[in-house]
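Undergrad: my questions are about this predicted structure, shown below with the sequence.
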Amino acid sequence: MQFSEKRNVTRWIIILTSFVIVTLILWNTYSFFQIFKNEERVKMQNWALAQKKINSADPNADVDMELPFQIIQEAAIPIIVTEKDSIINTINIDDDILNNKTKLNAFLQKLKNQNEPIVMQISENQTHNLYYGDSSLLTKLKYYPVALLLIIFLFGAVVYNYYRSSKMATQNKLWAGMAKETAHQIGTPLSSLIGWLEIMKADNVDETTVAEIEKDINRLQTITDRFSKIGSEPILELRNIVAETEESFDYLRSRFSKQVEFSFKAPKEPIMVSLNPALHSWTVENLVKNAIDAMKGKGKLSVVIESDHQLVKILVTDTGKGIPKKQFKRVFEPGFTTKKRGWGLGLSLTKRIVEEYHKGRIKVLHSEVGKGTTMQVSFKKA
């Protein structure tokens, strides 16, 4: 049996054992509850007999009434005695209930719901009904299973959260390791391509061709740099976010279909923000590509940069299929995608880059199904 299978078997054994233990505890608690409830009824029956003996005793006779009086005085349970639905006696009832007829009748109904009455046959033509409530001990025992289940539920939630967090941490380490290994693997052929580019320059190959190849090689270097930064804290630099965004936008515009109408609008003056150029470029690329996918490669795409006293905002608007309002937050969850082919990692990775690495914010600012979407990324100005 493999290690993973053994671990699953062990996990199920622990779960089943825990379930059996909880079931036994609840059954045992229920048994104690029934035993105490029966004992209290016996006490109330004794109280009724004691009361009957006191009521029927001859005051002139020399009868020892110490035991009946002791039984009545030791009763610590709320009691109401009725005769033909009229209350004739009460024991251990609070004054605020006794002084309010509505409250007293409501309390009597409560006692009727808790226990069956004890019939006191005073004489052939006189019958009293004794209604009694549960003692404080019995009440606590009644709610004990609920408290126990709540504790078990909270404990289970903590264990599950710990297990889930450990699993996610392991997955994050795995993805980070794969990303760094990818960057390392790309680095070897990339160095070779740089060498070939220098040979092309020396052989006087067409400058336009060389320039385009050089751009793509630089792009590969940027991608390698991005993957190498996953899993580690990136170094932030004070950069002009307008220039950094426009550079990434221009590169993407030159490599997509002419059926997409691109537009870029931003303030002319520099806006300085602490950011990592490689990761910010990745953010712009993910948002632009996601917008183009939403338009199925045809439509209008605009990037607008706005600035106020504290924040700089990047708005990416498309004329695509739009997002239902209930999915505004779900689009950033790992694995969520509406495409037939896709991992659903683009926007979740973008959210992590923006919010965890750059301490910014990203959200769906506006979207209408069939008309388009506006995504907003905001950063604090330096």
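TA: Thanks, I have the structure now.
Undergrad: and the average pLDDT for stretch 144-158 is what?
TA: Across stretch 144-158, pLDDT averages out at 78.
Undergrad: M295 and A157: what is the separation?
TA: Separation of M295 from A157 (Cβ to Cβ, to the nearest Å): 43 Å. All C-beta spots, glycine's among them, are computed from the backbone N, C-alpha and C.
Undergrad: can you spell out the domain ranges of this structure, please?
TA: 3-134, 235-380 (automatic domain parsing).
Undergrad: let's verify the closest residue to D318 other than its chain neighbours: helix, strand, or coil?
TA: Using Cβ to Cβ, 6 or more residues apart in numbering and skipping the chain neighbours, the partner closest in space to D318 is A291 (3.7 Å). With DSSP: H, G, I helix; E, B strand; the rest coil as the basis, A291 sits in helix.
Undergrad: contact partners for A291?
TA: Neighbour list for A291: L301, V316, T317, D318, G320, T373, M375 [criterion: Cβ atoms under 8 Å, 6 or more residues apart in numbering].
Undergrad: what do you get for P117?
TA: For P117, the contact set (Cβ under 8 Å, 6+ apart) comprises N129, L130, Y131.
Undergrad: by neighbour count, which of these wins?
TA: Ranked by neighbour count (other Cβ atoms under 10 Å), those have Y131 at the top, with 24 neighbours.
Undergrad: residue ranges with poor pLDDT in the stretch 1-150 of the chain?
TA: Across the stretch 1-150 of the chain, the ranges flagged by pLDDT under 70 are 1-8, 54-75.
Undergrad: try it again with 50
TA: Residue ranges of the stretch 1-150 of the chain with pLDDT under 50: 1-3, 63, 65.
Undergrad: can you give me the helices for it?
TA: Per DSSP state H, counting those that start in this stretch, the stretch 1-150 of the chain carries helices over the ranges 3-56, 66-73, 95-98, 101-114, 136-202.
Undergrad: need those helices in a markdown table with mean neighbour count and distance to E214, can you?
TA: Below are the helices of the stretch 1-150 of the chain laid out as a markdown table (neighbours: other Cβ atoms under 10 Å; distance: least, Cβ to Cβ, whole Å):
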| stretch | mean neighbour count | distance to E214 |
| --- | --- | --- |
| helix 3-56 | 13 | 48 |
| helix 66-73 | 13 | 103 |
| helix 95-98 | 12 | 90 |
| helix 101-114 | 14 | 86 |
| helix 136-202 | 12 | 6 |
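Undergrad: mind checking which of those helices is nearest D85?
TA: Checking the helices of the stretch 1-150 of the chain against D85 by Cβ to Cβ gives helix 101-114 as the closest, at 9.3 Å.
Undergrad: determine the set of other helices and strands touching that closest one.
TA: Under the contact criterion of 3 or more Cβ pairs under 8 Å, 6 or more residues apart in numbering; DSSP states H and E, helix 101-114 touches strand 79-83, strand 86-91, helix 95-98, strand 127-132.
Undergrad: I235: which of the ones you listed is closest?
TA: helix 95-98 (70.3 Å).
Undergrad: quick one: list the elements packing against that closest one.
TA: Helix 95-98 packs on helix 101-114, going by 3+ Cβ pairs under 8 Å, 6+ apart.
Undergrad: among the contacts of A291, which one has the lowest pLDDT?
TA: Minimum pLDDT for these is recorded at G320 (92).
Undergrad: so who does it touch?
TA: Residues in contact with G320 (Cβ under 8 Å, 6+ apart) are A291, D293, A294, M295, K296, G299, G372, T373.
Undergrad: please list only the buried members of those.
TA: A291, D293, A294, M295, G299, G372, T373 (16 or more other Cβ atoms under 10 Å).
Undergrad: nearest residue to the fifth one other than its sequence neighbours?
TA: If you skip the residues right next to it in sequence, G299 has T319 as its closest partner in space, 4.0 Å away by Cβ to Cβ, 6+ apart.
Undergrad: so how many other residues sit close to that neighbour?
TA: A count of nearby residues for T319, using other Cβ under 10 Å, gives 19.
Undergrad: for it, what are phi and psi?
TA: phi -110, psi 40 (degrees, to the nearest 10).
Undergrad: cool, and S123?
TA: Dihedral angles (degrees, to the nearest 10) for S123: phi -150, psi -180.
Undergrad: what is the neighbour count of it?
TA: S123 sits with 9 neighbouring residues when counted by other Cβ under 10 Å.
Undergrad: any idea how far N99 is from K84?
TA: Counting by Cβ to Cβ - N99 and K84 are separated by 23 Å.
Undergrad: returning to that earlier point: R255: which of the contacts of P117 is nearest?
TA: Among the contacts of P117, Y131 lies closest to R255 (Cβ to Cβ), at 85.7 Å.
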